[in-house]
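**Student:** Here's a sequence, model it:
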Amino acid sequence: MDPVKALKQVAFQLERAGEPTYRVQAFRKAAAVLSGLDPAEVEKRAKLGTLTDLKGVGKSTAGVVADALANREPAYLAKLRHVDLTGGEEMRARLKGDCHVHSDWSDGGSPIRDMAEAARDLGHEFMVLTDHSPRLAVANGLSRERLEKQLGVVAELNAELAPFTILTGIEVDILDDGSLDQDEDLLARLDVVVASVHSKLRMPEPEMTRRMVNAVRNPHVDVLGHCTGRLVVGKGRPESLFDAERVFEECAEHGTAVEINSRPERLDPPRRLLGLAVDAGCSFSIDSDAHAPGQLDWLSYGCARAEECGVSPDRVINTRPADRLLSG
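**Tutor:** Predicted coordinates:
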């Protein structure tokens, strides 16, 4: 087992487990240090026990290297790979890509290339890059100028990563009146637009319903993101109040997919609303909302919930290849 790959895999699994960033970075830093050395030197240091003399290599990372060189699965990695989750395996196998992914261009922690390569290594054919829109300043949302620049970067990466494809996109804020936080002509140039509410989440139900309906009706919107805005861990955050039947009927009528957000702290929409969306005839997008490479594998959580609530694979837009996704 390649020790550098083993260290990177531990970092990936730490992200998947939601571990603190500093711990993830420790393994990525060690991987970077060792990748600059001759493999023979790495092996010699492991035998002599001098790996930890290298700046950036600690006891835990050295242990992973020693296990890898002995062709053993690192114990650290085996522990992280255990996930207490059942169900959704068939759906997960059908997914071709992920329609909601962030990079370090907004509030993600990794470059676009790193996110794309991790998605590819998970077996995806595509990912949609959906960094935030400008109003979400706390997330370093993209101005028109920055988004246009990002489109050029994506084109260059696609030439290098083919046949894997990065689809252009945005997670655009739904403003108070239901309009969108980016110029319409620029939204029209993107492959996929995810529209989400990030502000005034406690807006009264009638106003929130109108706000969401107006967004869903926008012809540029492809996916309604994390519709209730809830958080279910830590102090949590209650669901936004809106007429779910009305909103989901509009989604079905206008061909806007309802996102099944796989982040463990969101798991949005809740089961009762997911059932309403199924009954309304909606299509769905099972998304990771990943902000780091390891979080891309959170899709399993959304797949399990989709299966539990009766969502069939033919109603999930990201079970389609990229060309079919784009053709509608």
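**Student:** shaky segments in the stretch 151-300 of the chain?
**Tutor:** Within the stretch 151-300 of the chain, no stretch has pLDDT under 70.
**Student:** Swap in 80 and give it another go.
**Tutor:** 234 (pLDDT under 80).
**Student:** That one: helices as residue ranges?
**Tutor:** 184-187, 205-217, 244-254, 271-279, 299-308 (DSSP state H, counting those that start in this stretch).
**Student:** Residues contacting the longest one, please?
**Tutor:** Contacts made with helix 205-217 from outside it, assessed by CB atoms under 8 Å, 6 or more residues apart in numbering, are listed as 174-180, 195, 197, 203, 221, 224, 227, 240-243, 246-247, 250-251, 254, 256. All C-beta spots, glycine's among them, are computed from the backbone N, C-alpha and C.
**Student:** Which of these fall in strands?
**Tutor:** Taking DSSP state E as the definition of strands, these contribute A195, L224.
**Student:** winner for burial among the helices of the stretch 151-300 of the chain?
**Tutor:** Mean neighbours per residue, mean count of other CB atoms under 10 Å, is largest over the helices of the stretch 151-300 of the chain for helix 299-308, with a mean of 22.
**Student:** For that one, which outside residues touch it?
**Tutor:** Contacts with helix 299-308, where a contact means CB under 8 Å, 6+ apart, come from 83, 85-92, 95, 98, 260-264, 267, 271, 274, 284, 286-288, 316.
**Student:** What subset of the residues you listed is buried?
**Tutor:** 88, 91-92, 95, 98, 260-263, 267, 274, 284, 286-288, 316 (16 or more other CB atoms under 10 Å).
**Student:** Would you mind measuring from K8 to E117?
**Tutor:** Between K8 and E117 the distance is 10 Å, computed by CB to CB, to the nearest Å.
**Student:** who's more crowded, the two?
**Tutor:** Set K8 next to E117 and count neighbours by other CB atoms under 10 Å: K8 wins out with 20 against 16.
**Student:** Reduced to three states, what does the more buried one come out as?
**Tutor:** Local secondary structure at K8 is given as helix here, using DSSP: H, G, I helix; E, B strand; the rest coil.
**Student:** shouldn't it be in contact with K29?
**Tutor:** No - contact criterion CB atoms under 8 Å: K8 and K29 do not qualify, at 11.1 Å.
**Student:** Find the residue at the geometric middle of the protein.
**Tutor:** Geometric centre of the chain, nearest residue: A290, 2.4 Å, by CA atoms, centre = their mean.
**Student:** how about the helices in the stretch 1-150 of the chain?
**Tutor:** Secondary structure of the stretch 1-150 of the chain by DSSP H, counting those that start in this stretch: the helices cover 3-16, 21-35, 39-48, 59-69, 75-81, 89-94, 112-121, 144-161.
**Student:** quick one, domains of the chain?
**Tutor:** The chain resolves into domains spanning 3-81, 89-327 when parsed by automatic domain parsing.
**Student:** ok, back up a step: among the helices of the stretch 151-300 of the chain, which comes closest to G63?
**Tutor:** helix 299-308 (27.4 Å; CB to CB).
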